[in-house]
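Student: Pasting the sequence and the predicted model now:
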Amino acid sequence: MRFLSVLELVLSFCILFYVIVCVEIPAWKFFDHDVYFKVVDPAEIGYYYRASPAKNFGKGFNKYFEHTLLVVADPVSGCADFINSHNIPGNFILVERGECSFVEKIARCEKAGAIGVIVYDNNPDNRSNLVAMIDDDRGVEINIPSLFIVGSDGFHIKRALERNSMESAIINVPINMTYVPEHQIQKPPWTKIL
């Protein structure tokens, strides 16, 4: 009986591999997992944040970004020319949802030199609902990773930076939380999704 279950497992893996590689169905349709990042500084918001990656555009994470700057976009919507464009190249950018499509917002950040984007919901009371960022079918190519976080997380990060007169936070992304028991995750006290 045990031999049969191993055989079924191997057969299932082979079929999945064939479908992804030979039929060319994007892997994101099968491996649609949330990503975590950690704010290292400022310490007052030094938690692990759960985020949802863009569903069908952009690139995934092909490397670990350690002690990377997270700069708040100005304007925060990311839908107009950046006033703080000198702070963007080589960094992750924090932008607020709204005013333009996710693709346009992330394309603007990429054009300004960002290496990744974190979009937060424009509803500061949203403590639990992650939104699926999907392509707007305008044919814009995105070559950087992007994540979506709940509004309460974004507003707390932005507010902490303002309170500490900081232009950016320091983050580590992505964080592998696969084997970390939930009760050991240092999650934001205001968020309900972890």
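Tutor: It's in.
Student: contacting residues around residue 156?
Tutor: For residue 156, the contact set (C-beta atoms under 8 Å, 6 or more residues apart in numbering) comprises 45, 188, 190. Every residue, glycine included, has its C-beta placed from N, CA and C.
Student: and those residues, which of them are in strands?
Tutor: Secondary structure of the contacts of residue 156 is defined by DSSP state E; no position falls in strands.
Student: Take those residues and, keeping just the buried ones, write it as a ChimeraX select command.
Tutor: Selection command for ChimeraX covering only the buried members of the contacts of residue 156, criterion 16 or more other C-beta atoms under 10 Å:
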select :45,188
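Student: what does stretch 100-119 rub up against?
Tutor: Contacts of stretch 100-119 (C-beta under 8 Å, 6+ apart): 37, 51, 54, 57-58, 65, 68, 70, 73, 77-79, 82, 85, 88-97, 133-136, 138, 140, 142-149, 154, 173.
Student: Show the buried residues in these.
Tutor: Listed as buried from these are 37, 51, 54, 57-58, 65, 68, 70, 73, 77-79, 82, 88, 91-97, 133, 135, 142, 144-149, 154, 173; burial here means 16+ other C-beta under 10 Å.
Student: mind checking which helix or strand the one residue sitting closest to the centre of the chain is in?
Tutor: The C-alpha lying nearest the average C-alpha coordinate of the chain belongs to residue 147 (C-alpha atoms, centre = their mean; 2.0 Å). Assigned by DSSP states H and E, residue 147 belongs to strand 146-149.
Student: ok, back up a step: would you mind giving the contacts of residue 156 as CSV with pLDDT and distance to residue 160 added?
Tutor: Below are the contacts of residue 156 laid out as CSV (pLDDT from 0 to 100; distance: C-beta to C-beta, whole Å):
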residue, pLDDT, distance to residue 160
45, 96, 5
188, 91, 11
190, 86, 12
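Student: can I get the contacts of residue 156 in TSV with distance to residue 162?
Tutor: TSV is the format used below for these (distance: C-beta to C-beta, whole Å):
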residue	distance to residue 162
45	12
188	17
190	17
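Student: picking that back up, please list all residues in contact with the residue nearest to the centre of the chain.
Tutor: 35, 37, 51, 52, 53, 54, 116, 117, 118, 119, 173 are the contacts of residue 147 under C-beta under 8 Å, 6+ apart.
Student: Mind doing that once more with 7 Å?
Tutor: 35, 51, 52, 53, 118 (C-beta atoms under 7 Å, 6 or more residues apart in numbering).
Student: Out of those, give me the one that has the most neighbours.
Tutor: Scoring these on neighbours with other C-beta atoms under 10 Å, the highest-scoring entry is residue 118 at 25 neighbours.
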